[in-house]
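>>> I'd like to go over a predicted model; first the sequence, then the structure.
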Amino acid sequence: MSDSQCLQDWVETFLPDSFVVRGDLSILPLNGDAGFRHYFRANTEPSLIAVSAPPEHENNPGFVSVALLLKQHGIHTPTIFAVDYQQGFLLLEDFGDRLLLPHLLPDTVDRFYDAAETVLLKIQQIPLTPDLLPDYSRQPLLDEMNLFPEWFLTQLLGVDLQPSDHDLLNETMAILVDSALEQPQVLVHRDFHSRNLMLLADEEIGVIDFQDAVTGPLAYDLVSLLRDCYVRWPVDYISQRALNYYRSAEAAGIAPQASKAQILRWFDLMGLQRHIKVLGIFSRLCLRDGKHNYLNDLPLVIRYTLEQLAPYPELGRFKDWFELRVLPQLPQQDWYHPWETAGDE
């Protein structure tokens, strides 16, 4: 029996009485995400989302626990109607198909970012739960960035890294981790961007894909939202939004007073940590998992990386190295388009 047929039989067994099926139950596959989860829409009334999330790859207990925690504090997360941890099956409320991303337009971006930031501030005010949320500590932050030399530099671009290159990378990563750890620590969704935020029927923001939540730096989710790997807005506009958000966090009592320069440094260096990680993750998704479309987003991530390096002299050696060792390797790549204009279209 196929995995989808097993899932369909499971849905039929555990379908709540309040959901009606006209005729035979069926589940239709939907586009998946970057992980190993597979999504299906059940032809119930109202419709439901069935998920196959292999327990050897996916943190299903974390998903359920964080979903309940967020919902308890007024965040719109999908209601969980049934879960089978052994098989990795879940039956969830259907939030529809309206991802935030295509609705972020010049005449709507203020309204939707305001709404998303309001949700994020509520998330960051949730009291921390040490036994539920692991710490986004030094080692996980470093492990993520080490995907960059392994998958992006070596395996995708074929850069031959020397011991001196690794020394510079380690020195750069240490600066970024130190900045992350000195920030206020809050609940971090860890992938809070326009493909994981849904517009619900009342234009409320629905939040998905939160199973990897941690206790970590205040700027992480904000930079994920505002320096989104899939859409770009002017530098000054994003910097001002970051400053305004931090002032709201101060007023909410979750962040100490800080200077403009400190706030922007935390925001920029957090963005660097994330984007260096993403260069590795998107390369791995292509090379290991066969998800080639992610490579099309690399030029924008490279643009973000170079823009965020520029203001900080302590990162100047890494910027020079990136321009010397990485940029010349890009034009021969099939996915390449000029990073200097990435996100402007």
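Everything's here; your move. This one's a predicted model, so the numbers in the text were calculated from it and none came from an experiment. Numbers count the residues shown, from 1 in each chain.
>>> Just list the residues touching the closest residue to residue 51 other than its chain neighbours, thanks.
Of all residues not flanking residue 51 in the chain, residue 90 sits nearest, at 4.2 Å (C-beta to C-beta, 6 or more residues apart in numbering). Where C-beta positions appear, they are placed from N, C-alpha and C, glycine not excepted. Shown in contact with residue 90 (C-beta atoms under 8 Å, 6 or more residues apart in numbering): 50, 51, 53, 60, 63, 64, 80, 82, 83, 84.
>>> Strands - which of those land there?
50, 51, 80, 82, 83, 84 (DSSP state E).
>>> Of the residues you listed, which is the most crowded?
residue 50 (29 neighbours; other C-beta atoms under 10 Å).
>>> Just list whatever residues bridge to that one.
residue 40, residue 91 (DSSP bridges).
>>> do you know how far the residue nearest the centre of the chain is from residue 15?
By C-alpha atoms, centre = their mean, the chain has its centre lying nearest to residue 191, at 2.0 Å. Distance of residue 191 to residue 15, computed by C-beta to C-beta, to the nearest Å: 29 Å.
>>> secondary structure element for residue 5?
helix 3-14 (DSSP states H and E).
>>> which residues sit against that helix?
With C-beta under 8 Å, 6+ apart as the criterion, helix 3-14 contacts 1, 25-27, 29, 38, 40, 42, 48, 50, 52, 81-82, 84, 87, 89, 91.
>>> Buried residues in stretch 116-130, which are they?
116, 117, 119, 120, 121, 123, 124, 126 (16 or more other C-beta atoms under 10 Å).
>>> now the end-to-end length of it.
End-to-end distance for stretch 116-130: 25 Å, by C-alpha to C-alpha, to the nearest Å.
>>> Could I get the average pLDDT for that stretch?
Here stretch 116-130 scores 95 as its mean pLDDT.
>>> hmm, back to that, how much does the helix holding residue 5 deviate in direction from strand 80-84?
120 degrees (axes from the mean of the first three to the mean of the last three C-alpha atoms, to 10 degrees).
>>> roughly how far out does the helix or strand just after helix 3-14 sit from the chain middle?
Using DSSP H and E, the helix or strand that follows helix 3-14 in sequence is strand 20-21. Here the centre of strand 20-21 is set off from its chain's centre by 34 Å, with C-alpha atoms, centre = their mean, to the nearest Å.
>>> Can you list the strands that strand 20-21 pairs with?
strand 44-45 (antiparallel).
>>> Show me what the strand it pairs with is in contact with.
Here strand 44-45 has contacts from 15, 19, 20, 21, 22, 25, using C-beta under 8 Å, 6+ apart.
>>> With stretch 253-265 instead?
By C-beta under 8 Å, 6+ apart, stretch 253-265 touches 124-125, 179, 184, 186, 218, 239, 242-243, 246, 249-250, 266, 312.
>>> Quick one: the helices in this protein, in order.
Ranges of helices in the chain, per DSSP state H, are 3-14, 60-72, 109-124, 138-145, 147, 163-181, 219-226, 235-252, 260-287, 298-309, 316-321.
>>> Can you say which of the ones you listed is packed in most?
Each of the helices of the chain was scored by mean neighbour count; the highest is helix 219-226, a mean of 26, by mean count of other C-beta atoms under 10 Å.
>>> Show the average pLDDT along it.
pLDDT averaged over helix 219-226 gives 98.
>>> and that helix, what does it pack onto?
helix 109-124, helix 235-252, helix 260-287 (3 or more C-beta pairs under 8 Å, 6 or more residues apart in numbering; DSSP states H and E).
>>> Quote the end-to-end distance of stretch 130-138.
16 Å.
>>> Can you pull the domain assignment for this structure?
Per automatic domain parsing, the structural domains of the chain span 3-93, 101-341.
>>> which of the ones you listed has the lowest average pLDDT?
domain 3-93 - the lowest mean pLDDT of the domains of the chain, at a mean of 92.
>>> mind checking how far it is from the chain centre?
Using C-alpha atoms, centre = their mean, the offset of domain 3-93 from its chain centre is 21 Å.
>>> Now do the end-to-end distance for it.
For domain 3-93, the end-to-end distance is 21 Å (C-alpha to C-alpha).
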